Each structure stands twice: as structure tokens, then as C-alpha cells.
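1. Let me see the structure of the following:
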Amino acid sequence: MEILFDLILDDLAGPIFELLLELVVRLAEALFHLIGWLLERFRRWLDLQPNIDPAQLSLLHRFGRLSVGVGLSLCILAPLLWLIWR
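-> Coordinates of the predicted model:
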């Protein structure tokens with residue numbers, strides 16, 4: 001009976017692995033598509049904003065822009081660094 005189960009599992013291991021690999025590839029593709037769509041929406045929104053000379057901005061406005069830039073950078077870099085050095 002054990003030999004029969006081993007034969008069945010060996011025959012199923014290839015298709016199951018291929019199915020799991022296809023699932024991972026499709027999930028990664030969907031994730032990249034979502035990120036690309038979000039970046040495209042952000043770019044369109046940014047294009048609609050008025051072009052202001054940074055010297056005309058108040059100190060609070062400059063600090064807010066800096067905070068948003070640092071926050072977005074950390075949101076992108078922290079997971080990448082975690083993936084590299086885990």
C-alpha cells in the first residue's frame with residue numbers, strides 16, 4: 001500500500017508543482033499590474049498639480065513634502081531591504 005501512495009504522490013508532484021508555479025507567476029503579474037496602475041494614477045494626479053517654485057513654499061509646506069517623500073521611499077525600500085537581507 002505504501003508503494004502505491006509513493007507512486008501516486010510522485011506522479012502528482014510534477015503537475016502540482018507546475019500549478020503552484022503558475023499561481024505564483026500570475027499573482028506576481030497581478031501585483032506588478034496593480035502597482036503600475038497606482039503609479040500611473042499618481043503620475044496623472046501629480047501632472048494636474050500647479051507648478052510652484054520651491055522658494056515660494058512655506059516652511060511647513062516644505063516639511064510636508066519632505067515627509068511624504070521620505071515616507072514613500074521607506075514604504076518602497078523597507079520591504080526590498082527585508083527581502084534582500086532576511
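
2. ok, now which ones touch residue 63?
-> Going by C-beta atoms under 8 Å, 6 or more residues apart in numbering, residue 63 touches no other residue. C-betas here are computed from N, CA, C, even on glycine.

3. Kindly recompute the last result at 10 Å.
-> Going by C-beta atoms under 10 Å, 6 or more residues apart in numbering, residue 63 touches residue 57.

4. From residue 42, how far out is it?
-> With distances taken as C-beta to C-beta, to the nearest Å, residue 63 is found 21 Å from residue 42.

5. for this structure, which helix is longest?
-> Secondary structure of the chain per DSSP state H: the longest helix is helix 2-48.

6. The next helix or strand after it vs helix 2-48, what angle?
-> For helix 2-48, the succeeding helix or strand toward the C-terminus, using DSSP states H and E, is helix 59-85. Helix 59-85 runs at 160 degrees relative to helix 2-48, counting by axes from the mean of the first three to the mean of the last three C-alpha atoms, to 10 degrees.

7. I'd like the distance from helix 59-85 to the chain centre, please.
-> 15 Å (C-alpha atoms, centre = their mean, to the nearest Å).

8. quick one, what contacts residue 25?
-> Here residue 25 is in contact with no residue (C-beta under 10 Å, 6+ apart).

9. per-residue pLDDT, it?
-> We have a pLDDT of 88 for residue 25.

10. cool, and residue 56?
-> 86.

11. ditto for residue 35
-> At residue 35, pLDDT is 94.

12. Please list all residues in contact with it.
-> Contacts of residue 35 (C-beta under 10 Å, 6+ apart): residue 76.

13. From residue 29, how far off is it?
-> 11 Å.

14. what residue ranges in the chain are flagged as low confidence?
-> Filtered on pLDDT under 70, the chain yields the residue ranges 1-14.

15. if you skip the residues just before and after it, what's nearest to residue 62?
-> Residue nearest to residue 62 in three dimensions, not counting chain neighbours: residue 54, with 7.0 Å by C-beta to C-beta, 6 or more residues apart in numbering.

16. Good, we can wrap up now.
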